[in-house]
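Colleague: Everything below, folded, please.
(one chain, ligands or ions: 2)
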Amino acid sequence: MTDVSVIGCGHMGSALIRGLDRTGTHRVVACDLDTSALEAVEPYCAETTTDIASAADADVVFVAVKPKVIAAVLADLDLPADATLVTIAAGVPRSFVESHTDATVVRIMPNLAAELGEMAAAVSWDDVDDDVRDILDDLGEFVEIEEGEMDVATALNGSGPAFVYYLIGAMRKAAVAEGLDPDAATTLAAQTFKGAAETVVQSDEDTDALIDAVATEGGTTIEGMEVLWDSDVESVLAETLGAAAERSRELAGGFDDE
Ligand SMILES: NC(=O)C1=CN([C@@H]2O[C@H](COP(=O)(O)OP(=O)(O)OC[C@H]3O[C@@H](n4cnc5c(N)ncnc54)[C@H](O)[C@@H]3O)[C@@H](O)[C@H]2O)C=CC1
Ligand SMILES: O=C(O)[C@@H]1CCC=N1
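Modeller: Numbering: from 1, shown residues only. Ligands and ions are numbered 1, 2, ... in the order given. Next up is the predicted model:
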């Protein structure tokens, strides 16, 4: 069992707390200034506190506050050298966090599916930290990347769930416009994304080969694929990820001189 604290229990912090609670193998202290945020996570953790000092007594400390308040939080957070601080803030360089703490710093880009144990996370670290590795295994899948790749990872797997929600919503909307019952359309659209994603995860084939497996000659899929291939969907998605990655770089620029 690892003693974990989570500072900042908003959307992402609470997803981490709920995900860790599912495993039942970690003791989690939740810290936030907002008592309503603490009330929401109270059933999923061992202790809640508004006192950051109480959150400092943990093996692994997640700092899950917005980038604009991270400097203030780090100034109040006094961690020993044998603790590990995990920063999840978009665009905040690991070097910035390291310069404000004695703890070992791991930078990760998680996503909201942590709550369900289905998180996709990108991690950059110098030393392999077994406690953090175990926690990330419990919350989903993670890949190790160079810190220079963090901006694109932030766009792909950090912001990515929002882009996928949009795509599911768009396919659902199109099916309803074609006459399908709205509830049926929600279930079928979401489960189709889930099943297709699981197929990509488990298959040795690339996505073009998987498309071929669905598209029967003279059948329905190829008619829809022709529309997609002739469209600018691919370049729009490239722009979407590009805009999110660029914002991550801009945020990082704000920490250059600090
Ligand atoms: N929302 C998401 O899907 C993802 C967010 N992130 C990162 O997670 C971090 C948090 O984002 P969200 O959860 O979306 O924000 P949020 O606004 O939902 O949550 C932030 C929480 O921090 C608390 N807080 C503010 N100042 C504090 C302080 N001094 N001490 C303790 N708690 C304090 C707030 O009361 C709030 O509950 C950000 O740095 C973001 O870049 C990373 C990946 C995904
Ligand atoms: O939108 C944001 O800035 C955060 C980081 C990745 C997902 N949400």
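
Colleague: pLDDT score for the closest residue to ligand 1 within the chain?
Modeller: Closest contact between the chain and ligand 1, by C-beta to the nearest ligand atom, is at Gly10 (1.8 Å). Where you see a C-beta, it was placed from the backbone N, CA and C, and this is true even at glycine. Model confidence at Gly10, expressed as pLDDT, equals 98.

Colleague: quick check: mean pLDDT across stretch 144-153?
Modeller: Per-residue pLDDT values over stretch 144-153 give a mean of 97.

Colleague: Please apply the same query to stretch 169-178.
Modeller: Rounded mean pLDDT across stretch 169-178 is 98.

Colleague: pLDDT below threshold where in the protein?
Modeller: Low-confidence regions of the chain, defined here as pLDDT under 70, cover residues 257-258.

Colleague: tell me the domain ranges of it?
Modeller: Here the domain assignment for the chain is 2-145, 160-248, based on automatic domain parsing.

Colleague: Burial-wise, tell me which of these comes out on top.
Modeller: Greatest average neighbour count among those goes to domain 2-145 (a mean of 19), per mean count of other C-beta atoms under 10 Å.

Colleague: How far does that one stretch from one end to the other?
Modeller: Distance between the two ends of domain 2-145: 24 Å, counting by C-alpha to C-alpha, to the nearest Å.

Colleague: Just give me how far that domain sits from the chain centre.
Modeller: The chain centroid and the centroid of domain 2-145 are separated by 12 Å, computed with C-alpha atoms, centre = their mean, to the nearest Å.

Colleague: Do it and ligand 2 come into contact?
Modeller: Yes. Counting by C-beta under 6 Å from any ligand atom, ligand 2 is contacted by domain 2-145 at Ala90.

Colleague: quick one, strands of the chain?
Modeller: Using DSSP state E, the strands of the chain run over 2-7, 26-31, 47-49, 60-63, 84-87, 104-109, 119-124, 140-144.

Colleague: residues contacting the residue of the chain closest to ligand 1?
Modeller: The contact partners of Gly10, taken as C-beta atoms under 8 Å, 6 or more residues apart in numbering, are 32, 37, 64-65.

Colleague: again with Gly117
Modeller: Contacts of Gly117 by C-beta under 8 Å, 6+ apart are 19, 22-23, 138-140.

Colleague: measure it to ligand 2 for me?
Modeller: 19 Å (C-beta to the nearest ligand atom, to the nearest Å).

Colleague: same thing with Leu77?
Modeller: Using C-beta to the nearest ligand atom, Leu77 is found at 21 Å from ligand 2.

Colleague: Tell me if I'm right that that residue and Val105 touch.
Modeller: No. Using C-beta atoms under 8 Å as the test, Leu77 is too far from Val105 to be in contact (11.7 Å).

Colleague: returning to that earlier point: dump the domains of the chain into TSV; add distance to Gly254 as well.
Modeller: As requested, those are exported to TSV (distance: least, C-beta to C-beta, whole Å):
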stretch	distance to Gly254
domain 2-145	8
domain 160-248	11
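
Colleague: What are the phi and psi values at the nearest residue in space to Pro80 that is not next to it in sequence?
Modeller: Nearest-residue entry for Pro80: Asp102, 6.3 Å, with adjacent residues in sequence omitted and distances by C-beta to C-beta, 6 or more residues apart in numbering. When read as degrees, to the nearest 10, the backbone of Asp102 gives phi -90, psi -10.
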